[in-house]
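*Asks:* return a 3D structure for these sequence lines:
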Amino acid sequence: MTQTATLGWVILYVPDVEMALGFYERAFGFKRGFVDEHASFGQLQTGETALSFATEERARRELHGPFRRASLDEEPFNIELCLVFDDPHEAFRHAIAAGCTAVAEPEPKPHGQVAGFVRDAFGNLVEIASPLRPRQLNRRAAWPWCWRARQRGTAGPQAAGHPGSACAAAAAP
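*Replies:* All right, here's what the predicted structure looks like:
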């Protein structure tokens with residue numbers, strides 16, 4: 001393929017777009033971008049990649065058939081929406097107070113980031129995380145191999161030439 005894709009937007013299908021926009025404004029501090037004249041599609045101001053909402057009715061029409069609705073009564077889907085905050089602990093508490101359901105309290109991750117999980121009012125899984133710093137990005141990329149290498153006892157400089165050898169660099173402060 002000669003083209004490289006960019007992520008344009010993420011759309012969550014919800015029963016009520018106005019309700020979803022209001023919920024995300026209260027729970028996560030976003031500002032409303034726009035809502036179409038029928039309130040079947042709306043968007044938040046979220047930075048370079050937009051977070052949008054469309055009604056379930058619109059989704060059925062555009063997808064030409066049924067789809068699986070998010071629900072708090074079901075397990076979360078195999079996808080998460082990650083929202084980044086300077087203080088994920090405070091953001092987590094605020095999200096819970098605004099009506100999110102706690103899944104996992106924010107905690108330090110092996111790559112240095114702090115992250116926790118909630119479910120929004122519609123059942124979507126939302127990660128609340130701290131920003132990744134450049135050094136943490138290197139640790140995060142190395143983490144799966146480091147974990148496996150540590151399990152085998154081959155982590156560190158002695159594991160040269162093995163994917164786990166990235167552990168030495170990832171473990172540096």
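
*Asks:* domain-wise, how is this structure divided?
*Replies:* 1-67, 70-132, 134-171 (automatic domain parsing).

*Asks:* so for the shortest one, mean pLDDT?
*Replies:* Same thing as domain 134-171. Model confidence over domain 134-171, given as mean pLDDT, is 50.

*Asks:* same check on stretch 35-43?
*Replies:* Stretch 35-43 comes out at a mean pLDDT of 97.

*Asks:* what residues does it touch?
*Replies:* Here stretch 35-43 makes contact (Cβ atoms under 8 Å, 6 or more residues apart in numbering) with 9, 17-18, 20-21, 32-34, 50-55, 57-58. C-beta: built from backbone N, CA, C; applies to glycine.

*Asks:* buried residues in it?
*Replies:* 40-43 (16 or more other Cβ atoms under 10 Å).

*Asks:* how near is the residue nearest the centre of the chain to residue 2?
*Replies:* Nearest residue to the geometric centre of the chain (Cα atoms, centre = their mean): residue 82, 1.8 Å. Distance, residue 82 to residue 2, using Cβ to Cβ, to the nearest Å: 30 Å.

*Asks:* likewise for residue 66?
*Replies:* Residue 66 is 35 Å from residue 2, by Cβ to Cβ.
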